[in-house]
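Novice: have a look; sequence and predicted model below, questions after that.
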Amino acid sequence: MKPFDRQLLNMAPALRRPVTTLAVVAAGQGAAAIALAVALARLVTDLVAQGSWQRSAMWVTVAFVVRAALAMLVERIGASTATAVSSALRRQLLARWSSAPAEARPEAEQASTLAVQGAAAVEPYAARYLPALVASAVVPVLAVAALVVVDPLSAVIVVVTLPLLPLFAALIGRTTQDDTMSRWRALEQLAGHFGDVMRGLPTLVAFGRAGPQVDVVRAVSQQHRAATMRTLRLAFLSSAALELLATISVAIVAVSVGLRLTHGSMTLEAGLLAILLAPEAYWPIRRVGAEFHAAADGATAIDDILTELETSAHRVHRAGSGSEVVVEEVGYAYPGSEALVLDGVTLTAGIGLTVITGESGVGKSTLLDLVAGLRTLTAGTISTGRVHYVTQRPFLPDGTIEEALRLGTDADLTGQQPWAALRRVGLDEFVASLPDGLETRLGDDGFGLSAGQRLRLGLARAALSDAPVLLLDEPTAHLDEDGTRLVLDLVRELATDRCVLAVSHAAELVAVAERHLRLGHTLAEATS
């Protein structure tokens with residue numbers, strides 16, 4: 001868990017200009033702080049000497065307003081930067097996972113935790129900690145430089161005591177790092193277990209095992225709560241330690257100044273200026289320590305996000321173009337397993353319908369994943385053109401029906417094309433009966449549609465696509481007799497000018513296929 005990783009500037013270019021701007025504004029803040037201290041010292045001296053104080057009061061007001069304006073500017077820059085960086089990292093994560101093969105993707109629960117909570121945790125890091133970090137690198141230098149001119153002895157005291165603050169912050173931060181990592185892993189464990197329970201809830205209820213899972217979720221939640229409280233205690237301890245060190249250091253400067261004022265070896269104005277400048281040297285570092293603990297989740301998330309962006313950088317490259325699929329001696333083993341689920345599979349398919357059959361578990365859907373480039377080959381080669389893949393559960397975005405139909409096609413659809421595609425799969429009347437028609441919004445992952453409606457919507461989207469190769473996984477599943485007939489007609493029509501590979505158990509689809517590939521546990525054979 002690094003306080004700042006330079007690689008973040010490469011992964012999030014939107015951060016470069018704000019960091020530079022923050023450095024300039026921090027220098028302005030330091031200059032404004034020095035100017036305010038000088039003006040205050042002059043004002044107090046004028047009041048004690050019963051001289052004219054109006055001009056000094058005006059300079060105090062001006063310096064105070066400038067410093068307040070710069071502080072407001074830092075807050076605005078930090079807030080806008082936080083949103084931009086968080087969104088940029090989330091987009092890069094999703095883009096990398098979308099382009100990477102299945103073997104290079106994290107588990108669904110880990111991915112959701114990193115893309116949602118992780119990216120959100122970056123916001124306080126960028127909005128509050130990063131401005132404080134930049135200020136701590138600029139303001140203390142300016143304060144010490146001013147002290148050297150005003151009172152060299154006070155400057156020496158500050159230079160000697162100043163390194164104690166980051167030293168103690170680092171010592172406490174090492175313990176905080178362990179607790180933060182523990183809390184982050186507990187959150188991933190909670191998300192993973194909760195996701196598993198939700199997916200398996202129907203089975204758990206059917207076998208009467210849903211009740212015990214409540215205790216398990218409660219135990220994991222308690223573990224996360226305990227880790228969070230440990231982190232908060234350490235954060236308060238760190239802030240208290242830094243405040244104590246800074247207070248003692250400023251007190252040493254004040255005692256030194258007071259003794260010299262008593263002996264008359266120092267002017268009142270110089271003494272006041274030294275006492276006012278000393279806290280400005282410690283304040284940015286104290287703030288960095290406090291904000292680092294507040295943004296510790298963000299620092300941990302950034303480490304995980306940057307690691308994920310590095311490890312998932314590769315993607316599947318496939319040769320070929322046009323409407324032909326050539327599979328030569330393909331083998332595939334799932335991650336962590338040495339047994340090949342596919343071994344020596346060979347297939348050449350051109351324009352027309354090719355149906356792949358076999359018992360459950362022989363790798364039919366896996367073969368389509370390989371052709372689509374979603375998995376990395378263990379052996380052999382695959383050559384294919386651009387594909388459009390309709391899985392058993394087609395992805396439907398959280399948007400309108402029309403947006404779901406347009407997903408995956410580069411062509412500009414006219415007003416009647418979506419309706420024509422829906423008519424081909426028998427969904428036109430259903431969509432027309434909805435209050436908003438094509439503008440009806442779907443829930444997450446097509447919530448509100450049945451499994452058959454979701455599948456037919458995915459097939460309508462395939463009909464609108466201009467990809468020369470179509471991959472269909474169980475296109476007649478979840479359909480009644482009329483729906484099956486419509487889909488069979490659609491598949492045969494699409495196969496007249498495209499290469500269609502379909503995985504199916506339906507004898508009707510096999511009967512109209514030009515080619516038939518039967519997969520087995522020990523062999524694969526193709527017939528025409």
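Specialist: That came through fine.
Novice: thought Leu276 was touching Leu40?
Specialist: Yes: between Leu276 and Leu40 there is a contact under CB atoms under 8 Å: 6.0 Å. For glycine as for every other residue, the C-beta is placed from the backbone atoms N, C-alpha and C.
Novice: quick check: mean pLDDT across stretch 437-454?
Specialist: Averaged over stretch 437-454, pLDDT sits at 79.
Novice: try stretch 408-424
Specialist: 76.
Novice: returning to that earlier point: what touches both of Leu276 and Leu40?
Specialist: Shared contacts of Leu276 and Leu40 (CB atoms under 8 Å, 6 or more residues apart in numbering): none.
Novice: which stretches in the stretch 301-450 of the chain count as helices?
Specialist: 364-372, 401-406, 417-424, 428-433 (DSSP state H, counting those that start in this stretch).
Novice: got the buried residues for the second one?
Specialist: Think helix 401-406. Using 16 or more other CB atoms under 10 Å as the test for burial, helix 401-406 gives Ile401, Glu402, Ala404, Leu405, Arg406.
Novice: show the pLDDT at the third one.
Specialist: In this prediction, Ala404 carries a pLDDT score of 83.
Novice: chain neighbours aside, what residue packs nearest to it?
Specialist: Distances taken as CB to CB, 6 or more residues apart in numbering place Leu396 nearest to Ala404, at 4.9 Å, with adjacent residues excluded.
Novice: rewinding a little: and of the buried residues of helix 401-406, the nearest to Tyr332?
Specialist: Nearest to Tyr332 among those, counting by CB to CB, is Ala404 at 30.5 Å.
Novice: ok now do the closest one, which residues does it touch?
Specialist: Leu396, Pro397, Leu442, Gly446, Leu457, Arg461.
Novice: got the phi and psi for the first one?
Specialist: To tie it back to what came earlier, the one meant is Leu396. Here is the backbone geometry of Leu396 (degrees, to the nearest 10): phi -120, psi 120.
Novice: list the contacts of it.
Specialist: So Leu396 contacts Ala404, Leu442, Asp445, Gly446, Leu449, Arg454, Leu457, Gly458 (CB under 8 Å, 6+ apart).
Novice: which of those residues are buried?
Specialist: Among the contacts of Leu396, those buried by neighbour count (16+ other CB under 10 Å) are Ala404, Leu442, Gly446, Leu449, Arg454, Leu457, Gly458.
Novice: surely the fifth one is in a strand?
Specialist: So that's Arg454. No: counting by DSSP: H, G, I helix; E, B strand; the rest coil, one finds Arg454 to be helix, located in no strand.
Novice: distance of it from Ser433?
Specialist: 17 Å (CB to CB, to the nearest Å).
Novice: could you do the first one as well?
Specialist: Counting by CB to CB, the gap between Ala404 and Ser433 amounts to 17 Å.
Novice: could I get the helices of the stretch 301-450 of the chain as JSON lines with distance to Met72?
Specialist: What follows is the helices of the stretch 301-450 of the chain, written out as JSON lines (distance: least, CB to CB, whole Å):
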{"stretch": "helix 364-372", "distance to Met72": "52"}
{"stretch": "helix 401-406", "distance to Met72": "40"}
{"stretch": "helix 417-424", "distance to Met72": "50"}
{"stretch": "helix 428-433", "distance to Met72": "51"}
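Novice: buried deepest among these, which one?
Specialist: With neighbours taken as mean count of other CB atoms under 10 Å, the helices of the stretch 301-450 of the chain reach their highest mean count in helix 364-372, at a mean of 22.
Novice: quick check: the farthest pair among the buried ones among the contacts of Leu396?
Specialist: Distance extremes for these: the farthest pair is Leu442 and Gly458 at 12.3 Å, using CB to CB.
Novice: so who does Leu488 touch?
Specialist: Taking CB under 8 Å, 6+ apart as the test, what Leu488 contacts is Thr476, Glu508, Leu509, Val512.
Novice: and it, what are its phi and psi?
Specialist: Per degrees, to the nearest 10, the backbone of Leu488 is at phi -60, psi -40.
Novice: got it, and the one 10 residues further on?
Specialist: Reported as degrees, to the nearest 10, the phi and psi values for Arg498 are phi -140, psi 160.
Novice: show the contacting residues for it.
Specialist: Arg498 touches Ser323, Ile351, Ala467, Pro468, Val469, Leu470, counting by CB under 8 Å, 6+ apart.
Novice: for burial, what's the neighbour tally of the residue nearest to Val150 when sequence neighbours are not counted?
Specialist: Counting by CB to CB, 6+ apart, Leu273 is the residue found nearest to Val150 once chain neighbours are left out, at 5.0 Å. By other CB atoms under 10 Å, 26 other residues sit near Leu273.
Novice: that'll do, ta.
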